[in-house]
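Novice: let's see this in three dimensions:
(one chain, ligands or ions: 2)
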Amino acid sequence: MRWTRAFIPTLKEDPADAEVASHRLMVRAGMLRPLARGVYTYLPLCRRVILKVEAIVREELARIGAIELLLPILLPAELWRETGRWDLYGPLMMRLEDRHGREYALGPTHEEIVTDLVRSEVRSYRQLPLSLYQIQTKFRDEIRPRFGVMRGREFTMKDAYSFHADEASVDATYRDFHDAYGRVFERCGLAFRDVEASSGEIGGEENHEFMVLAETGESLVFSCGSCGYAASSGRAEAVPSQHEAGNSAQPLAEVETPGRTTVEEVSELLGRAPAEFVKTLLFQAAGETVAVLVRGDREVEEEKLGRALGVDRVEMTGPARVCEITGAEVGFAGPHGLPPEVRVVADYSLAGRGNLVAGANRTGFHVTGLEIGRDVEPDAWIDAVRLVGGDPCPRCGAPLDGTRGIEVGHIFKLGTKYSEVMGATFLDEEGRQRPFLMGCYGLGITRTVAAAIEQNHDEHGIVWPVAIAPWEVEVIPLNMDSPEVVEVAERIYDDCRAEGLEALLDDRADRAGSKFADADLIGVPWRIVVGDRGLKDGVVEVTSRRARKDAARFSPQEAIAHVRARVLEARGGG
Ligand code: ATP
Ligand code: MG
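Specialist: Ligands and ions are numbered 1, 2, ... in the order given. Got it, this is the predicted structure:
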């Protein structure tokens, strides 16, 4: 490809709204342009990278016998009503009506759709197992679209669904997908961790998340160097605290705390440690208000809370409603004296602690001397706390490592959750009608591209891993006015392609400095630079993007051979 024909609109300036490197660099490198909140045009360079990631995914899924199809994006509401998800999915689902007033969703995921297909086409255990996948644009009206394509409202996902007659078959296919995902991310050149997300809770079937390790990741991953336990923060279990209360029982007393609404502020005023506070947070769960009590120095992990309460999702209660319920301004909520219809649950982080400080449900006041069990009786004790690095491992007690990660893949065993309610059955060997056992496997294609950049960049731009680079080698003639330079560069460009390398020729009449800056920005792994001075000695310069200052001099033919050998080594897979 010639740069002058490639449509790579690079930018000198960072976009104002980009908070993370991948977003910034994708816009600057001419990969991405925004159209609406969380909606982007993938420019040609980006498209090339996406197709490479997709090709790796297709190869690895073919290897495990999964078959590609393409389900519709426009999905009738009736199918979602069968499972109740038309309502449960909530505002995350993009909805529309056709001219006849029929309701549709733009597909956020496809369990219902593929289950509907299989229930009408697959009759017998002999047709099982069956693994179907698609690579498709998904729509989710995310509450906070951000970080470019990392969390878009329109994005590309590979989603796969498997159907089985028995558990052993589910287990085998699940393992295949697990291994295939590992190979995909490895081939994409990513450092990742697969975290076991099963916690043995009721209804919690086995599932794994694949996390690309990156400082800017929205997910927290905890792992134990001692026993190998690894879980995302939405799953990581806390070890119930062993705090000894002692004999310091105090009476419940109100203290004035005017204008002090945070634990830190009140802690400073009263000279009491944040760990001696009860933080009272109100959530809406399936239409009910729940007060969640957690230790003052800790946060609530909403995913764990939802599971503990047995609901799909919880939402923080809005400030106006908090005032209505507590009769006080936000910041003064406490467990004592809440209206009886509010369910109170306490996190284990408070177990065994007495003489606590809490909000008084009265503006400008807190209480001290609060005893859980004496002054307030929680409806339940739950584990809903977000872990922090150094917390004990729930398996072996060693301190956990906490790192940030980007969730790029998520695989689940679904059991008969969808097949049962949708009446999707097959005839088993004995001629009995049974619901399919299912698995589902999601992989964010566009998020993987962003994650790859998050992990592979420097202050000058992107540093593509070879396997997903838009091109493998960039040929840069330094002076387009020199016929000899142009001729040699053109020949190298042709020979590279003849050798099977994906080559980009920067044939622009620009200054050398700006060509180098753009080359650094778009991050092609290998560079062959042709200049007048080198040609006097019959040599060109080869540099890798990763070690951009170390230039090696070769004859044009040696240069191609050198790059080719490195590229073949790094392509991997297939
Ligand atoms: P998250 O927790 O990040 O919202 P999720 O758990 O809702 O993701 P899944 O339903 O498991 O996501 O979707 C499978 C994969 O699709 C995710 O692992 C991720 O790689 C990708 N994905 C999900 N939501 C988005 C999004 N808004 N933008 C880009 N990729 C996404
Ligand atoms: Mg997920």
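Novice: which helix or which strand is home to Arg447?
Specialist: helix 445-455 (DSSP states H and E).
Novice: elements contacting that helix?
Specialist: In terms of contact count using 3 or more CB pairs under 8 Å, 6 or more residues apart in numbering; DSSP states H and E, helix 445-455 is assigned the packing partners helix 21-28, helix 44-63, strand 154-164, strand 207-213, strand 401-415. All C-beta atoms are positioned from the backbone trio N, CA, C, and that covers glycine.
Novice: who are the contact partners of the most centrally placed residue in the chain?
Specialist: In the chain, the centroid-proximal residue (CA atoms, centre = their mean) is Glu407; its distance is 2.7 Å. For Glu407, the contacting residues are Glu209, Phe210, Met211, Gly217, Glu218, Ser219, Ser232, Gly444, Arg447, by CB atoms under 8 Å, 6 or more residues apart in numbering.
Novice: would you agree Arg28 is in contact with Ser22?
Specialist: No - at 10.9 Å, Arg28 and Ser22 do not qualify as touching, with contact defined as CB atoms under 8 Å.
Novice: neighbour count: those two, which is higher?
Specialist: The residue with the greater number of neighbours, taking Arg28 and Ser22 and applying other CB atoms under 10 Å, is Ser22; the counts read 28 against 22.
Novice: how close does that one sit to Glu154?
Specialist: In this structure, Ser22 and Glu154 are separated by 17 Å, where distance is defined by CB to CB, to the nearest Å.
Novice: now Asp141
Specialist: Separation of Asp141 from Glu154 (CB to CB): 10 Å.
Novice: Phe155 bridge partners, please.
Specialist: Following DSSP bridges, Phe155 is listed with bridge partners Lys138.
Novice: right, and it touches Phe147 too?
Specialist: No - because the distance of 11.5 Å does not satisfy CB under 8 Å, Phe155 is recorded as not touching Phe147.
Novice: chain center to the helix holding Arg447, what's the gap?
Specialist: Here the centre of helix 445-455 is set off from its chain's centre by 10 Å, with CA atoms, centre = their mean, to the nearest Å.
Novice: can you check stretch 358-373 too?
Specialist: Using CA atoms, centre = their mean, the mean C-alpha position of stretch 358-373 is found 39 Å from that of the whole chain.
Novice: residues making contact with that stretch?
Specialist: Identification of contacts with stretch 358-373 by CB under 8 Å, 6+ apart yields 249-260, 266, 270, 272, 277-278, 280, 293, 326-329, 331-338, 346, 350, 353-357, 376, 378.
Novice: and these, which of them are buried?
Specialist: In terms of neighbour count (16 or more other CB atoms under 10 Å), the buried residues within the contacts of stretch 358-373 are 252, 257, 260, 266, 270, 272, 277-278, 280, 293, 326, 328-329, 331-336, 338, 346, 350, 353-357, 376, 378.
Novice: which neighbours do Phe155 and Phe147 share?
Specialist: Counting by CB under 8 Å, 6+ apart, Phe155 and Phe147 have no common neighbour.
Novice: which parts of whichever helix or strand Glu186 is part of are buried?
Specialist: In this assignment (DSSP H and E), Glu186 forms part of helix 167-187. Taking 16+ other CB under 10 Å as the basis for neighbour counts, the residues of helix 167-187 that come out buried are 169-170, 173-174, 176-178, 180-187.
Novice: pull the number of nearby residues for Thr216.
Specialist: Going by other CB under 10 Å, the residues that sit close to Thr216 add up to 18.
Novice: let's verify it: helix, strand, or coil?
Specialist: coil (DSSP: H, G, I helix; E, B strand; the rest coil).
Novice: and the gap between it and Ile135?
Specialist: The gap separating Thr216 from Ile135 is 25 Å, by CB to CB.
Novice: also Asp14?
Specialist: Between Asp14 and Ile135 the distance is 31 Å, computed by CB to CB.
Novice: so which of these two has more stuff around it?
Specialist: Ile135 (19 against 12).
Novice: name the nearest residue to the more buried one, sequence neighbours excluded.
Specialist: Leaving aside its chain neighbours, Ile135 sits nearest to Lys158 (4.8 Å; criterion: CB to CB, 6 or more residues apart in numbering).
Novice: I'd say the one you found and Glu60 touch.
Specialist: No - in this structure Lys158 lies outside contact range of Glu60 using CB under 8 Å: 10.2 Å.
Novice: so of the contacts of stretch 358-373, which ones are in helices?
Specialist: Val266, Leu270, Thr326 (DSSP state H).
Novice: how about the contacts made by the residue of the chain found nearest ligand 1?
Specialist: Nearest to ligand 1, among the residues of the chain, is Gly444, at 2.2 Å (CB to the nearest ligand atom). Applying CB under 8 Å, 6+ apart, one finds that Gly444 lies in contact with Phe155, Thr156, Met157, Glu407, Val408, Gly409.
Novice: check it and give its pLDDT.
Specialist: If you check Gly444, the pLDDT there is 98.
Novice: which one of the buried residues of helix 167-187 is nearest Glu420?
Specialist: For Glu420, the closest of these turns out to be Val170, at 14.7 Å, with distances computed as CB to CB.
Novice: residues in contact with that closest one?
Specialist: By CB under 8 Å, 6+ apart, Val170 lies in contact with Ser162, His164, Lys413, Leu437, Met438, Gly439.
Novice: filter those residues to the buried ones?
Specialist: Neighbour counting with 16+ other CB under 10 Å marks Ser162, His164, Lys413, Leu437, Met438, Gly439 as buried within the contacts of Val170.
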